[in-house]
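*Asks:* sequence and predicted model, in that order:
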Amino acid sequence: MKRLIFTLAWVLSACSEPGSSTPKIPEVDGSTLEAPVAQAIGDIVTELRSSPETSQYWANYAEVLQAHQLYELAKMAWDVRLDSGEATPGDLILMLRCEEALGQDIPGLAKAVDSVLLEQSNLTSLRFSRGSARLRSGDLQGAQADLEQALSQDRHPAILLALGRVELSLGEVQRAQNLLEEARTLAPGDPDIQKTLAPVYLQLGAAELAEAERLRTLRGPKAFRFDPAEIRMAQRAVSSSANTDRAREAMARREWGVALVWLNKILEVYPNRASAHARRGMCYLMTNQTQQADRDFRKAIAEDESLAMAHRGLGVLAGRGGRPKEAVTHLARAIEFNPKDPDAWGMYPIALLKAGQIPEAEIAYETARSRFPKNRILVQQWLVGLRSMGRADQGLAAARTALEDLGEDAAVLHHAALCLEALGQVQEAMEYHRRSVAADPKSPSASRLQKTGTPG
Amino acid sequence: MRSSTILFLGLLTACAPDEPRAVDSPGWLKIQEFGPAVEIPRDGALRLEYGVTGGAAVFDADGDGDLDILFTGTGPNSPTRFWRQTNNLEFVESSENAGFDASFFGIGATAGDVDADGDVDVLLTGRLGCQLYLNNGTGAFKQSTNFSASKCSSSATFVDYDLDGDLDLFVCRYADISLNPDKECRDPAGRLELCGPTAHPALHDLLLNNDGTGIFTDVSAQHGLDRVAAAGLGVVVDDFTGDNLLDLYVANDGYENHLWVMGEDGFFTEEAAQRGLALNLMGETEAGMGVVSLDVDGDMAPDLYCTHLAAESNTLYIGKNNAFLDSTAPLGLGVASMPRTGFGVVARDFNRDGHEDLLVGNGRVTRGSSVVLPELEDPWNGMAEPNDLYVRSEGGFELAPTDPVLSEVGLTRAVVAGDFDRQGQLEVLIVNVETPSILVTPPKTTRRELFVEAVDQSARPVLHALVRCQTGDRVQRRRQGISDGYASSQPPEVHFGLGTSEVPAELTVQWPDGSYDSFRVEPDITRFQAQKGSGR
């Protein structure tokens, strides 16, 4: 259940003067709010008090209130913005959203939207928003007109989907099918399209197509269409975003426990936020709480299939758990969704190696090397993997090739020496140990040399 | 308007009787208040289960022919209460010797003869699991020691899914509060509020197989129920796929709804998404609470109506070719329900015009913008709302005018409708929390109505029998279910409004095993028992 609590203290703003026409500022009782939220709202109230006649400040206030789902208060601020005659198309989109959430009209909004669209017929986002609002309220003809025009300006999958739903409601199932199939082509990973299309096929008597649609594997995010105003409003949701920043900073400092505190706060408020689940899973993984990590990664993927971090996490867990094929699958997905992730690239060849897919592992390693030629960790992981699989000769060759690119890298030299030891070439191994220590006196090769009594 | 829409609306019109469809006056009548009210514990916490408790079962507990009432309780200060009907529509509280566990925090209830001994037994759902009570035939109950259904549960229904003649059990489970029962929850702005279902781990629903003696075995995993966890609040049984097998539809709170389709192999599979029943038209999950099946478009197949949270409309799904389409807004049900939070719902023909209307019990789960009932404590004082009646109109449905009795604000959860005194008239039980529940009756009308009980050879109700009633050209369809609505047990009977028709009603009863019986009911009869094997 969504939860909104409207026990808010309504007080008159100090800036309101008796007899003046300055609008009263609706205020929230900040003592009941989380600190970042209270601060964000307080900052904007201060700004508004300083200049209540500035219409833009009312829009800012409405946005931050709406971002925290304080719709009734947001509506009051939108009323002022609308009365000012300065509402932008983005404001009007957010006002339409506010109307929807409250289930009640904002007086004058319909007229204002009409007027703006008459003057600027190319405002696709506003027209799409009004079309969607009309669809929800049952004005199918109005929705159809808006969405047809929006579609003539931009064949965006979200518009195709909305118009498909309108046509479906109007009984035009064949047209709905055409629109939805086009939407699916443009956004093959969108589950909303899939879930709308499957019953359309059933209505058309095509049960096999419906079943195929249901079973289709989805990849990719939902095909939302966002206006900059909506993005800005979402960014105002400081309760979550401030805590996300804190969590990210803590993770960068490898303070996993601290990060967990902030991530838990986010998930309390937004329990289905995929990115927070993925980050929390990573914190659990780094602190060896593997069951919790697994649960979070899976939840993250259930919410957002394209979340590379969660796939990488599951890949690591599967690798540790001795399930190399599962590791391969997840790491491949991680790379697919984030091809710039060197960690996933580093682990993927090892997983393939452990899954017995040797040629594929070699190709994956070479691909990773070509993408990240200066990444030493990638080489080291590969060498460790080869040695652990008893492939010392292959490891030695790989180390020598890497040294050509990386120069005298202590770790690579150390691994090359270990490979030589495994191959019984002790003398040459000692030479590589010496080179490793020369490159970095803290190299583990130092203890190797001490054990053999050879001075480093 | 496109031709197909005109055709669809035309179908609705074609099914309408000739007379005008105005709601009759002078209005609804209150018959009885049931006090004291179900009380939410005063422990300062805002626990998940506090928002969803408030169920009832209406059934003949003592075998005297009329209907008695069981209200779920919330523990020692407000225990389960049992009201026995002693005279026509006169109820006396008989909780003391009824045998229910006073400490039990209940949420919902359902009733049926699980041990085939001829009396009606009761299942209570609750915050930490269910309790099964066996009736000794006089309205005294004893808790079954051989029954287990753990974790927070809401609605439940008995259903003979395997057609072996006994009542099996489906239980909607809500959320696993046991891991963190004292959890504090906050809204997006960071303020304390009642916890919602996603604050706790989701649970899968339960399917329990009865061996015929009231001993149940959990067969959830065999049917794949354990593979989909959600937050179930409402369940309704009907044939949603047109194959004459009984399916189960579950309204989930904040998760995709589930449709458990019975296959010819005897196993359920989940098919809500592919049949258009998982989400609303906008592709959103909604806060599913109560759910009813009804036939809106007169195609002799079930449609579905679900109640939801404020800011979401209640949703009407119309079935066509075994797929469903959210047709809420075009049929006039969208905007009207947006401001309120619907829980209990019943589809009955309250004005007897030949079409089922919808009565929705409302009550918020969040604080309202103002205090509505100052005598209650915060936050409950801002949660009461009026109930809504949607009556059939030319274009679909319209919200009936405010009625002093029906629209009295309360914190309503379950709603149960039936012929309580078996006198052939409809009464409605509105179950409130924090304020007394009430029994009301719809406005009087001279139009004809008919109650039908589909029973077996031993005169025991046959749950989920399908009853079709034809008067002249008009055919209506009803399923004799018990779980329609929210957290409640409806009496096993069906109700038809027959308008001004003066011809005999031709009944066809399709029994769950696929067999049929036909009956003719003369116009002066308002209550009829259709016994299996005794028809034409």
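*Replies:* The structure has been received and is ready for your questions. Please read all numbers here as calculations on a predicted model, not as lab measurements. Numbers count the residues shown, from 1 in each chain, chains lettered A, B, ... in the order given.
*Asks:* can you tell me the element the residue nearest to the spatial centre of chain A falls in?
*Replies:* Chain A has A:Ser275 as the residue nearest its centroid, 5.4 Å off, counting by Cα atoms, centre = their mean. Secondary structure assignment for A:Ser275, by DSSP states H and E: helix A:274-286.
*Asks:* could you pull up the mean pLDDT of that helix?
*Replies:* Averaged across helix A:274-286, the pLDDT comes to 93.
*Asks:* same check, this time on stretch B:107-123
*Replies:* Over the span of stretch B:107-123, the pLDDT mean works out to 97.
*Asks:* what secondary structure does whatever residue of the stretch 251-400 of chain A ends up closest to chain B sit in?
*Replies:* Closest residue of the stretch 251-400 of chain A to chain B, Cβ to the nearest Cβ: A:Pro271 (4.1 Å). For the C-beta atoms, the positions are set from N, CA and C on the backbone; glycine is no exception. Classification of A:Pro271 using DSSP: H, G, I helix; E, B strand; the rest coil returns coil.
*Asks:* mind listing what it touches?
*Replies:* B:198-199 (Cβ atoms under 8 Å, 6 or more residues apart in numbering or on different chains).
*Asks:* roughly how far apart are it and A:Lys265?
*Replies:* Counting by Cβ to Cβ, to the nearest Å, the separation of A:Pro271 from A:Lys265 is 12 Å.
*Asks:* so for stretch B:315-327, what's the average pLDDT?
*Replies:* pLDDT averaged over stretch B:315-327 gives 92.
*Asks:* start and end of it, how far apart?
*Replies:* 8 Å (Cα to Cα, to the nearest Å).
*Asks:* run through chain B and note the low-pLDDT ranges.
*Replies:* Applying pLDDT under 70 to chain B picks out residues B:1-25, B:188, B:190.
*Asks:* kindly recompute the last result at 80.
*Replies:* B:1-26, B:179-180, B:183-192, B:198-199, B:367-369 (pLDDT under 80).
*Asks:* what ranges does it have for its helices?
*Replies:* Taking DSSP state H to define them, one finds helices in chain B at B:3-14, B:334-337.
*Asks:* which strands and helices lie in contact with the last one?
*Replies:* What it means is helix B:334-337. Packing contacts for helix B:334-337, counted by 3 or more Cβ pairs under 8 Å, 6 or more residues apart in numbering or on different chains; DSSP states H and E, involve helix A:124-137, strand B:388-393.
*Asks:* residues touching B:Leu304, list them.
*Replies:* Contacts of B:Leu304 (Cβ under 8 Å, 6+ apart): B:236, B:240, B:249, B:277, B:291-294, B:316-317, B:319, B:324.
*Asks:* would you format those as TSV with neighbour count included?
*Replies:* Below are those laid out as TSV (neighbours: other Cβ atoms under 10 Å in any protein chain shown):
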residue	neighbour count
B:Val236	27
B:Phe240	30
B:Tyr249	27
B:Leu277	28
B:Val291	26
B:Val292	32
B:Ser293	24
B:Leu294	24
B:Leu316	27
B:Tyr317	27
B:Gly319	26
B:Phe324	25
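*Asks:* hmm, back to that, in the helix holding A:Ser275, which residues are buried?
*Replies:* Neighbour-count burial for helix A:274-286 flags A:274-285 (criterion: 16 or more other Cβ atoms under 10 Å in any protein chain shown).
*Asks:* quick one, what contacts the closest residue to B:His200 other than its chain neighbours?
*Replies:* Once flanking residues are discounted, B:His200 sits nearest to B:Ala175: 3.9 Å by Cβ to Cβ, 6 or more residues apart in numbering or on different chains. By Cβ under 8 Å, 6+ apart, the contact set of B:Ala175 is B:48, B:152, B:197-203, B:231.
*Asks:* quick one: which of these is most hemmed in?
*Replies:* Neighbour count (other Cβ atoms under 10 Å in any protein chain shown) singles out B:Ala231 as the most crowded of the contacts of B:Ala175, with 30 neighbours.
*Asks:* would you check how far apart that residue and chain A are?
*Replies:* To chain A, B:Ala231 is 9 Å away according to Cβ to the nearest Cβ, to the nearest Å.
*Asks:* find the nearest non-adjacent residue to that residue, please.
*Replies:* B:Pro197 (3.4 Å).
*Asks:* who touches the one you found in this structure?
*Replies:* A:1, B:48, B:174-175, B:231, B:253-255.
*Asks:* and what of B:Gly44?
*Replies:* Counted by Cβ under 8 Å, 6+ apart, B:Gly44 has zero contacts.
*Asks:* for it, phi and psi?
*Replies:* Main-chain torsions, B:Gly44, degrees, to the nearest 10: phi 80, psi -10.
*Asks:* please name the residues that touch B:Leu281.
*Replies:* A:135-136, A:165, A:168-169, B:325-326, B:328-329.
*Asks:* the stretch 201-350 of chain A against chain B: which residues are in contact?
*Replies:* Residues of the stretch 201-350 of chain A lying near chain B by Cβ under 8 Å from any Cβ of the partner chain: A:202-205, A:210-211, A:213-214, A:237, A:239, A:268-272.
*Asks:* give me the neighbour count for the spatially closest residue to B:Gly126 that is not a sequence neighbour.
*Replies:* Residue nearest to B:Gly126 in three dimensions, not counting chain neighbours: B:Gly106, with 4.7 Å by Cβ to Cβ, 6+ apart. Counted with other Cβ under 10 Å, residues neighbouring B:Gly106 total 30.
*Asks:* doesn't B:Leu124 make contact with B:Gly106?
*Replies:* Yes - B:Gly106 lies in contact with B:Leu124 (Cβ atoms under 8 Å); the separation is 4.8 Å.
*Asks:* could you check how far A:Gln149 is from A:Glu230?
*Replies:* For A:Gln149 relative to A:Glu230 (Cβ to Cβ), the value is 20 Å.
*Asks:* try B:Thr74
*Replies:* For B:Thr74, the distance to A:Glu230 - Cβ to Cβ - is 42 Å.
*Asks:* which one's more surrounded, these two?
*Replies:* B:Thr74 (23 against 18).
*Asks:* show me what the residue nearest to B:Ala336 when sequence neighbours are not counted bridges to in the sheet.
*Replies:* Residue nearest to B:Ala336 in three dimensions, not counting chain neighbours: B:Leu399, with 4.5 Å by Cβ to Cβ, 6+ apart. B:Leu399 forms beta bridges with B:Tyr390, as assigned by DSSP bridges.
*Asks:* which helix or strand lies directly C-terminal to the helix holding A:Ser275?
*Replies:* helix A:290-303.
*Asks:* elements contacting that following helix?
*Replies:* Checking 3+ Cβ pairs under 8 Å, 6+ apart, helix A:290-303 ends up next to helix A:274-286, helix A:308-320.
*Asks:* nearest to B:Glu356, out of those?
*Replies:* Of all those, it is helix A:274-286 that lies closest to B:Glu356, at 41.3 Å by Cβ to Cβ.
*Asks:* what helix or strand does whichever residue of the stretch 201-350 of chain A sits closest to chain B sit in?
*Replies:* Nearest residue of the stretch 201-350 of chain A to chain B (Cβ to the nearest Cβ) works out as A:Leu202 at 3.4 Å. Assigned by DSSP H and E, A:Leu202 belongs to helix A:191-203.
*Asks:* ok, and what's touching that helix?
*Replies:* A:157, A:161, A:164-165, A:168, A:173, A:176-177, A:180-181, A:183-184, A:187, A:207, A:209-210, A:213-214, A:216, A:218, A:222-223, B:273-276, B:278-279, B:283, B:320-325.
*Asks:* how many residues are close by the residue nearest to A:Met251 when sequence neighbours are not counted?
*Replies:* The shortest distance from A:Met251 to any non-neighbouring residue, by Cβ to Cβ, 6+ apart, is to A:Ala259 (4.6 Å). A:Ala259 has 23 neighbours, counted by other Cβ under 10 Å.
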